[in-house]
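**Q** Build me a structure from this.
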Amino acid sequence: DLSFYKLDYNGQAFLPVTSNTTLRLHTNLGYGNGYGSTDGLPFYESYNAGGQGSVRGFKDGTLGPRSTPATGAYSSAGQAYYSDRDTDVLGGNMLITGGAEYLFPLPFVKDQSQLRSSVFVDAGNVYADTCYLSTTQGCGSVDLAQMAVSLGVGVTWYSPMGPLSFSLAAPLKKPDNAETQVFQFSLGQTF
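**A** Residues are numbered from 1 along each chain as shown. Model (predicted):
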């Protein structure tokens with residue numbers, strides 16, 4: 001049996017700025033680990049960050065500790081081959097994300113009831129406090145120098161099918177090996 005725990009905190013505050021604009025502050029914090037005979041979190045319980053629901057401007061789940069790419073091996077005939085040239089995101093047992101979003105009405109649109117537009121700053125990353133493999137990059141402790149930061153604009157339309165969210169974001173600070181994605185779209189998820 002696997003014995004582990006996870007502690008999560010999600011918080012947000014909406015602060016009115018003017019009669020039709022709002023400042024939204026949000027954070028998502030998490031920590032988990034194994035106990036008893038279980039070392040660490042099971043891989044399927046690891047935290048991931050990046051993407052429309054956490055740090056926009058970065059591909060879904062690409063922030064945090066990664067495997068080290070294979071350096072190469074040789075067959076018995078002396079021929080070099082590589083089993084994995086890229087790094088894979090492993091996830092981690094610590095999550096820190098947050099941001100600030102200024103919500104305002106879209107100009108030149110009369111009916112604002114189903115639209116929400118924003119300018120935002122997102123930040124965050126995933127960390128692992130223990131390296132279980134010698135081939136893991138980016139684990140050991142929280143390194144704020146490796147925090148991902150992005151700046152962007154977003155629009156959410158509350159359609160009959162559910163909310164459709166679009167964002168354009170530019171990374172201001174990119175952690176090692178993080179993968180960026182300027183345009184992102186999601187169905188059914190709001191901020």
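**Q** Count the residues that sit near Q52.
**A** 21 (other C-beta atoms under 10 Å). The way it works is simple: take the backbone N, C-alpha and C, and place the C-beta from them, glycine included.
**Q** Who's the closest spatial neighbour of it, skipping the chain neighbours?
**A** S186 (4.3 Å; C-beta to C-beta, 6 or more residues apart in numbering).
**Q** For N10, which non-adjacent residue is closest in space?
**A** N28 (5.2 Å).
**Q** What of R56?
**A** A169 (4.3 Å).
**Q** ranges for the helices of this protein?
**A** In the chain, no segments count as helices under DSSP state H.
**Q** Can you give me the distance of G57 to V109?
**A** 25 Å (C-beta to C-beta, to the nearest Å).
**Q** Please say which of those two ends up with more neighbours.
**A** Between G57 and V109, counted using other C-beta under 10 Å, the more crowded position is G57 (27 against 10).
**Q** Looks like the more buried one contacts P175 (just checking).
**A** No - judged on C-beta atoms under 8 Å, G57 makes no contact with P175 at a distance of 12.0 Å.
**Q** and for these two, which residues touch both?
**A** Contact criterion C-beta atoms under 8 Å, 6 or more residues apart in numbering; residues shared by G57 and P175: A148.
**Q** and the residue nearest to V17 when sequence neighbours are not counted, how many neighbours?
**A** Spatial nearest neighbour of V17, excluding adjacent residues (C-beta to C-beta, 6+ apart): L23 at 5.4 Å. Residues lying near L23 (other C-beta under 10 Å) number 14.
**Q** my read: L23 touches G99, true?
**A** No - using C-beta under 8 Å, L23 is not in contact with G99, being 11.0 Å away.
**Q** quick one: N28 and Y35, what's the gap?
**A** Taken as C-beta to C-beta, the span from N28 to Y35 is 23 Å.
**Q** which one of those two has more residues nearby?
**A** Between N28 and Y35, counted using other C-beta under 10 Å, the more crowded position is N28 (20 against 10).
**Q** what bridges to that one?
**A** For N28, the beta-bridge partners under DSSP bridges are N10, T97.
**Q** same thing with F166?
**A** Residues in beta-bridge contact with F166 (DSSP bridges): V155, F185.
**Q** residues contacting it?
**A** 154-156, 183-185.
**Q** again, but for Y31
**A** Taking C-beta under 8 Å, 6+ apart, one finds 6-7, 93-95 in contact with Y31.
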